[in-house]
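# Predicted model and sequence follow; I will ask about them next.
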Amino acid sequence: MTSIGLGVFSDTSGRIYPCGLQSHEIWKLESIVSSNVVKQIREQRLMSKAELARKARLSALTVDRIEKGQSCRLETKRKIILALGYSLSEKHEVFPED
């Protein structure tokens with residue numbers, strides 16, 4: 001992380017964090033600023049996390065991590081996109097920052 005003044009730090013990806021945060025607090029902050037809308041889409045479709053995991057052939061833990069904004073492999077993103085009923089050409093609807 002690089003100090004950018006006034007008690008604020010920036011990591012290599014450009015994310016900005018207030019100083020004094022512990023690593024687990026930074027993870028929680030990253031989770032809030034998620035780079036996908038998987039949870040919102042899943043809930044709009046009245047789908048449980050377990051159901052999405054089954055359809056995508058992933059573990060519920062993996063789905064939970066993705067919903068919290070953690071990174072994942074392209075193959076995993078592909079499975080999530082298709083399990084939510086989107087085509088691969090609509091990937092930006094689910095993962096806008098990709």
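Great, that's in hand. Residues are numbered from 1 along each chain as shown.
# quick one: average pLDDT of the helix or strand containing E51?
Using DSSP states H and E, E51 maps to helix 49-56. Mean pLDDT, helix 49-56: 98.
# Show me what it is packed against.
Applying 3 or more C-beta pairs under 8 Å, 6 or more residues apart in numbering; DSSP states H and E, one finds that helix 49-56 contacts helix 38-44, helix 60-67, helix 74-83. The C-beta positions use only the backbone N, C-alpha and C, and glycine is treated the same way.
# Repeat the analysis, applying 6 Å as the threshold.
Other helices and strands packing on helix 49-56, by 3 or more C-beta pairs under 6 Å, 6 or more residues apart in numbering; DSSP states H and E, are helix 60-67, helix 74-83.
# Hmm, V94 is touching L82, no?
No: applying C-beta atoms under 6 Å, one finds V94 not in contact with L82, separated by 9.9 Å.
# quick one, which of the helices and strands packed on helix 49-56 is nearest to K49?
Nearest to K49 among the helices and strands packed on helix 49-56 is helix 60-67; the distance by C-beta to C-beta comes to 5.3 Å.
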